[in-house]
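In: A structural model of the following input is requested.
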Amino acid sequence: MSDTSELAVELRDATPPWLLSHLREWISGAGDKGHAYLVVSEDANEASLFAGQLAMRQLCHDPQDGLASGQCQSCKAFLQGTHGDLMLLQVPEGKTAIGIDQVREATHFLQQTALYGAAKLLLVRDADQMTLAAANSLLKTLEEPPGNALMLLSSAEAWRLPPTVRSRCQLLRLPRSEKDAALKWLGSQVGGSAANAEHLLDMAQGRAVSARLMADSESLAAKEALVASFPVLSEQRAGPPAAWSGVDLSVLLSELLVWVEGQVRGVDTDRFCHQAQSWLLLHRCVAELSSRVKRGATPGKDIVIAELFRLCRSRDHAAFADIGGRFLSSLGREGVAS
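Out: Purely as a prediction, here's the structure:
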């Protein structure tokens, strides 16, 4: 069973008020009649946090005002990360995807008798990162769930899930938080100046919950160094920036994609058609590599970083169309095949 203590800390310390409002509205409106839900947000951490709050509400013995009381025996166990009827399924540390063996273990868990009497509940964090085999295995449980089973999937990229999985879940789509509300909440959480809160929100691409979690982690400095490395790539002569090795490959690819997208939007396509085409090709290359990694590919990180660096440095080359084409055709090497 996956450790849920980290989730419990997030529920206690990092839930913004608008998520609780969304939960109250949903409970009072659509209600809780299904056995499977897919929570979708632009912010993967926000989707996971909402799913966690919903899970605690569904297991609560004495809900109040549409939310979990936080005081009953079930809630106390939940917040201590020791609830026997809750299982968290997520990408294991050092892996790139949720595998079929994890889903099989979860299926066995759901078939057991509930210890607290309400339900056996499975939380699938970043459900889009299941391998196809894992998703198909979960599909069988979604189609024929045990009588007391409840499954909550969360995702920021639900379109990556097989349509058959999506169609068997009730969709709960979270709207993006307003910037003023996000900044106010973020400032109350992390302290410091308003400029500090805005910087955190910018680093998290406007995703307030991710910004809050980033402020408490050692990843902030690494991410700042990573983002700062992109605009000066043309000046980098001795090899890939050191910051690229300081983060997970998925983080590098995600941040590089965001930066390239910004460059694409900034090009005057009427005046600089060739430049726009080269940025678009670079985006396609990075996006394809990112997609394959998210589907469970396990490339050698050092090799991929070196290839990415050469690709980015070659964008202004007259033959970049050929260079990009060779990069796309070579993705099957170094363990990146789909």
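In: Which parts of this structure are strands?
Out: 36-40, 86-89, 120-124, 149-155, 170-173 (DSSP state E).
In: JSON lines for those strands, including mean pLDDT, distance to residue 321 and mean neighbour count?
Out: (C-beta placed from N, C-alpha, C; glycine too.) Output for these, formatted as JSON lines (pLDDT from 0 to 100; distance: least, CB to CB, whole Å; neighbours: other CB atoms under 10 Å):
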{"stretch": "strand 36-40", "mean pLDDT": "95", "distance to residue 321": "36", "mean neighbour count": "24"}
{"stretch": "strand 86-89", "mean pLDDT": "94", "distance to residue 321": "42", "mean neighbour count": "24"}
{"stretch": "strand 120-124", "mean pLDDT": "95", "distance to residue 321": "40", "mean neighbour count": "26"}
{"stretch": "strand 149-155", "mean pLDDT": "95", "distance to residue 321": "34", "mean neighbour count": "25"}
{"stretch": "strand 170-173", "mean pLDDT": "93", "distance to residue 321": "38", "mean neighbour count": "14"}
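In: what residue is smack in the middle of this protein?
Out: With distances taken as CA atoms, centre = their mean, residue 44 lies nearest the centre of the chain, 3.6 Å away.
In: what's the closest residue to that residue other than its chain neighbours sitting at in phi/psi?
Out: Spatial nearest neighbour of residue 44, excluding adjacent residues (CB to CB, 6 or more residues apart in numbering): residue 156 at 3.8 Å. When read as degrees, to the nearest 10, the backbone of residue 156 gives phi -100, psi -10.
In: buried stuff in stretch 191-198?
Out: Buried residues in stretch 191-198, counting neighbours by 16 or more other CB atoms under 10 Å, are found at 197-198.
In: Just checking the distance from it to the centre of its chain.
Out: 24 Å (CA atoms, centre = their mean, to the nearest Å).
In: Contacts for it next, please.
Out: Stretch 191-198 has contacts (CB atoms under 8 Å, 6 or more residues apart in numbering) with 183, 186-187, 190, 211.
In: what does stretch 34-42 give?
Out: Contacts of stretch 34-42 (CB under 8 Å, 6+ apart): 47-48, 50-51, 54, 127, 142, 145, 149-156, 158, 161, 166, 168-174, 176, 206-207.
In: Span of that stretch from start to end?
Out: Length of stretch 34-42, first residue to last, CA to CA, to the nearest Å: 24 Å.
In: mind listing what residue 125 touches?
Out: So, once contact is read as CB under 8 Å, 6+ apart, residue 125 ends up touching 44, 48, 51, 88-91, 154.
In: repeat that for 6 Å
Out: 48, 90, 154 (CB atoms under 6 Å, 6 or more residues apart in numbering).
In: Relative to residue 241, which of the residues you listed is nearest.
Out: Set against residue 241, the nearest of the contacts of residue 125 by CB to CB is residue 90 (29.1 Å).
In: got the contacts of residue 125 as a markdown table, with distance to residue 292 columns?
Out: Shown next, in a markdown table, are these (distance: CB to CB, whole Å):
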| residue | distance to residue 292 |
| --- | --- |
| 48 | 23 |
| 90 | 20 |
| 154 | 22 |
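In: The residue nearest to residue 44: neighbour count?
Out: 20 (other CB atoms under 10 Å).
In: and if you look at the one 10 residues further on?
Out: With neighbours defined by other CB under 10 Å, the count for residue 166 comes to 17.
In: now the stretch 151-300 of the chain, which segments are flagged as low pLDDT?
Out: 216-218, 267-272, 296 (pLDDT under 70).
In: ok, which stretches of it are helices?
Out: 163-167, 179-190, 194-203, 208-215, 219-229, 242-245, 249-265, 273-294 (DSSP state H, counting those that start in this stretch).
In: Out of the ones you listed, which is closest to residue 15?
Out: Short answer: helix 208-215, nearest of those by CB to CB, at 8.3 Å.
In: Mind putting the helices of the stretch 151-300 of the chain into CSV with distance to residue 38?
Out: As requested, the helices of the stretch 151-300 of the chain are exported to CSV (distance: least, CB to CB, whole Å):
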stretch, distance to residue 38
helix 163-167, 6
helix 179-190, 23
helix 194-203, 26
helix 208-215, 18
helix 219-229, 27
helix 242-245, 33
helix 249-265, 21
helix 273-294, 17
